[in-house]
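J.: With the sequence up front, the predicted model follows.
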Amino acid sequence: MRYTPARPTIYGETLDSLTALLKEHGHPAFRARQVLTWLYKKRVKTWEEMTDLSRPFRTWLAATFELEPTKFVLTKQSEDVTDKLLLELGDKSLIETVIIRAPQLGVGQENSRKTICISTQVGCAMGCKFCASGLEGLKRNLSAGEIVHQLIQVCRQEDDRTPRAHAELVSFDNLVVMGMGEPLHNYDAILRALTILNAEWGLGFGARRITLSTSGLVPKIKQLADEPLGIRLAISLHGATDEVREQIMPINKKWPLKELIPAIREFSEKHGRMVTLEFILIEDINDSLDQAGKLRDIAYDLHAHVNLIPYNTVEGLPWKRPSLTRQEKFAQVLDRGGVSVTLRREKGHAIDAACGQLRLKTEKAREAAAAN
Ligand code: SAH
Ligand code: SF4
């Protein structure tokens, strides 16, 4: 299940690792910054475009590194506010990167706030019963460079549309690690990738505008709490009691609420900021007012924000979202209990934005085409 490309991608290198490698091969150390500027500020697609580097040095780079670890396959745009990029990796695996636009009153589409959602694995091993990403298990981890390159692809899309491109700016406002995969199950790669995205020599993207979502790998949440990188944390709770949670999330058997909740508290106290509890509302599974009350108590106690997400139907799965009235009643219990709560309106339903669905469909279409 491991994929080792012929050459490692340069997008997995940090300033330190690249400098060390250059020195080792007799190249001047300052070249590292030059190369990184071409990658992260100019976002070039070929070594040839790096015109202030000597030809022999460019030849060495090309022989040592792969430049483009992901290939753009297609964009799917929904009528509402979501764009989805389907990317192909070196081993032909597919991943999804989503651009969510939040329109702002009085401003044009190009000025809307943009949130990017990135994937961290091909598939997922956690097997949550409601999720398209987990349906076929884990195929493999993404490398740090494959994770980083998703943002380069996004920037290039946006560069083509907005005049900000040449100002060497990043044209999105928030980054959420909520695509396919369980990020804390690929800990070293996601941490390296976020470090690269955050670094001033990388994309220079603020850690406070990055949110990582996890299904609750307790030891890794504790490890993350000790990292200096100050990213935000979201927890996929989806059940306010062990009975309900373990019915839909097998991980709850390994790390039940009595272990998960103290880990969330530890993270929150070390970082001094609110953690978000995500709660997908699924009809007759977790949408009772009793669950709402228990969720209110957990959130109040943790001083956490609650994000209620009406379930997106997944082809082949029986689950449904509750009626709007029921969703609102659930939210009211939290709100009246003094908990900060948002009831998310669906985004991207029309293009299968629920994680993993576009990939699954494309793979099925490919299989069908191969069989014909
Ligand atoms: N593996 C991580 C991050 C990726 S999933 C995690 O589980 O937190 C990102 C979010 O999408 C999670 O909260 C997940 O539960 C939710 N999700 C998965 N399938 C969904 C669906 N069909 N409808 C709505 N949300 C879904
Ligand atoms: Fe994996 Fe998250 Fe989907 Fe669960 S919800 S299967 S952890 S991607």
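T.: Sure, I can see it. Values in this document were obtained by computation on a predicted structure and should not be read as measured data. Ligands and ions are numbered 1, 2, ... in the order given.

J.: quick one: is stretch 218-228 near ligand 1?
T.: No - Stretch 218-228 does not reach ligand 1 (CB under 6 Å from any ligand atom); its nearest approach is 11.4 Å. Where you see a C-beta, it was placed from the backbone N, CA and C, and this is true even at glycine.

J.: And that stretch, what's buried?
T.: 218, 220-221, 224-225 (16 or more other CB atoms under 10 Å).

J.: Likewise for stretch 273-287?
T.: Buried-residue list, stretch 273-287, by 16+ other CB under 10 Å: 275-283, 285-287.

J.: Quick check: the farthest pair among these?
T.: Farthest apart among the buried residues of stretch 273-287 by CB to CB are Val275 and Glu283. That separation is 26.5 Å.

J.: the domain parsing of this structure - what is it?
T.: If you go by automatic domain parsing, the domain ranges for the chain are 10-64, 70-371.

J.: wait, which of those is closest to Tyr3?
T.: Nearest of those (CB to CB): domain 70-371, 4.6 Å.

J.: touching ligand 2 at all, that closest one?
T.: Yes - using CB under 6 Å from any ligand atom, domain 70-371 reaches ligand 2 at 124, 126-128, 131, 133-134, 181-182, 215, 236, 355.

J.: what mean pLDDT does stretch 271-283 have?
T.: Averaging pLDDT along stretch 271-283 gives 94.

J.: what's the first-to-last distance across that stretch?
T.: 34 Å (CA to CA, to the nearest Å).

J.: sorry, back to before: let's have the domains of the chain in JSON lines, adding distance to Tyr3.
T.: Shown next, in JSON lines, are these (distance: least, CB to CB, whole Å):
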{"stretch": "domain 10-64", "distance to Tyr3": "13"}
{"stretch": "domain 70-371", "distance to Tyr3": "5"}
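
J.: Buried deepest among the ones you listed, which one?
T.: Of all the domains of the chain, domain 70-371 carries the top mean neighbour count, a mean of 18, counting by mean count of other CB atoms under 10 Å.

J.: For Glu328, pull up the helix or strand it's in.
T.: Secondary structure assignment for Glu328, by DSSP states H and E: helix 324-336.

J.: before we move on, what about Leu308?
T.: Leu308 belongs to strand 305-310, assigned by DSSP H and E.

J.: Give me the contact status of that strand with ligand 1.
T.: Yes - judged by CB under 6 Å from any ligand atom, strand 305-310 comes into contact with ligand 1 at Ile309.

J.: Below-threshold pLDDT in this protein: ranges please.
T.: By pLDDT under 70, the weakly predicted segments of the chain are 1, 77-81, 103-111, 161-169, 345-372.

J.: Can you check which helix is longest in it?
T.: For the chain, the helix that runs over the most residues, judged by DSSP state H, is helix 144-161.

J.: what's the very next helix or strand once past that helix packed up against?
T.: Sequence order places strand 174-177 as the next helix or strand after helix 144-161, per DSSP H and E. Applying 3 or more CB pairs under 8 Å, 6 or more residues apart in numbering; DSSP states H and E, we find strand 174-177 packed against strand 113-117, helix 187-198, strand 210-214.

J.: Of those, give the one that comes closest to Thr19.
T.: Smallest distance to Thr19 across the helices and strands packed on strand 174-177 (CB to CB): 13.9 Å, for helix 187-198.

J.: and the angle from that closest one to strand 210-214?
T.: Helix 187-198 and strand 210-214 meet at an angle of 160 degrees, taking axes from the mean of the first three to the mean of the last three CA atoms, to 10 degrees as the criterion.

J.: And for helix 187-198, what's in contact with it?
T.: Contacts with helix 187-198, where a contact means CB atoms under 8 Å, 6 or more residues apart in numbering, come from 11-12, 14, 120, 141-145, 147-148, 151, 175, 177, 183-184, 202-207, 210, 212, 220, 223-224, 227, 229, 231.

J.: what about Leu21, which helix or strand?
T.: Counting by DSSP H and E, the element that carries Leu21 is helix 15-24.

J.: immediately after that helix, which helix or strand?
T.: helix 31-37.

J.: for that following helix, packing partners?
T.: Secondary-structure packing of helix 31-37 (3+ CB pairs under 8 Å, 6+ apart): helix 15-24.
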